[in-house]
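J.: next input, structure requested:
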Amino acid sequence: MISDSVRRWIIPLSLLIFFFFLPLQCFIIGDDQGFGIQGAVYRYQITGSGISLIPITYEIGYVNSGIYSGKTAVSVILWVAGTFVLMCTILLSLFFTNRINPVILQFTIVGISSCCILYLGSLVFQYGIFFFGSAGISLPAGILIMALFAVLLYGNENSFLETNNFSVAD
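T.: Numbering: from 1, shown residues only. You can find the predicted model right below:
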């Protein structure tokens, strides 16, 4: 059985892994021009022009300056919104790590689900409803893993809630 101190850190640690490390999608750029992975705060791609690591802050700048427009700009805006929701969910889970209650856990589950919906919306705008189109092909495996994590939290709520182990002395 997992101790209470370890169990409390499962949610924030998992969310931090989703935020910084886990690729949320793998993609092939249209007409086999390149391929790459995209996490919540980065995009790593290999094309004929070279290898690029593009942080999300650069993508925001590309939208603001007009380099990205149309479907790509909307896709980036939805991705940034999903990352913002994920960041807020992480901060909430970190702040309430030692005193998680049913309301906080529900907010966490809704936050994870919301960022998954925003990320999938971003991919639908860029690649189409089946994640395949003229822009290329997308495999949202990391987003599906994050959604499964939300389902796991929902199905096992009592495992993550704080238990009061106080006994009344006679």
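
J.: just the terminal-to-terminal distance for stretch 35-53.
T.: Using CA to CA, to the nearest Å, the span of stretch 35-53 from its first residue to its last is 12 Å.

J.: quick one: it to chain centroid distance?
T.: In this view, stretch 35-53 has its centroid 17 Å away from the chain centroid, taken as CA atoms, centre = their mean, to the nearest Å.

J.: for the chain, name the helix or strand with the lowest mean pLDDT.
T.: helix 157-160 (a mean of 76; mean pLDDT, DSSP states H and E).

J.: gap between that one and the chain center?
T.: With CA atoms, centre = their mean, you get 22 Å for helix 157-160.

J.: check stretch 88-102 too.
T.: For stretch 88-102, the distance to the chain centre is 17 Å (CA atoms, centre = their mean).

J.: list the buried ones in it?
T.: Within stretch 88-102, the residues that count as buried by 16 or more other CB atoms under 10 Å are 89-90, 92-93, 96-97, 100. C-beta coordinates here come from the backbone N, C-alpha and C atoms, glycine included.

J.: of the residues you listed, closest to Val110?
T.: Distance to Val110 across the buried residues of stretch 88-102 (CB to CB) is lowest for Thr89, with 8.5 Å.

J.: helices along the chain, start to end?
T.: Applying DSSP state H to the chain gives helices spanning 4-20, 56-65, 71-95, 102-127, 141-155, 157-160.

J.: identify the residues contacting the second one?
T.: Right, helix 56-65. 40-43, 68, 73, 76-77, 79-80, 83 (CB atoms under 8 Å, 6 or more residues apart in numbering).

J.: 10 Å instead?
T.: 38-43, 52, 54-55, 67-69, 72-77, 79-80, 83-84 (CB atoms under 10 Å, 6 or more residues apart in numbering).

J.: ok, the fifth one next?
T.: Residues lying outside helix 141-155 but in contact with it, judged by CB under 10 Å, 6+ apart, are 10-11, 14-15, 17-18, 21-26, 37-40, 82, 86, 105-106, 108-120, 122-123, 140, 159-160.

J.: the residues you listed, buried ones only, as a PyMOL selection?
T.: Filtering the contacts of helix 141-155 down to the buried ones (16+ other CB under 10 Å) takes a single PyMOL command:
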select buried, resi 10+11+14+15+18+22+23+24+25+37+38+39+40+82+86+105+108+109+111+112+113+114+115+116+118+119+120+122+123+140+160
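
J.: buried stuff in stretch 61-74?
T.: For stretch 61-74, burial by neighbour count (16+ other CB under 10 Å) applies to 62-63, 68, 72-74.
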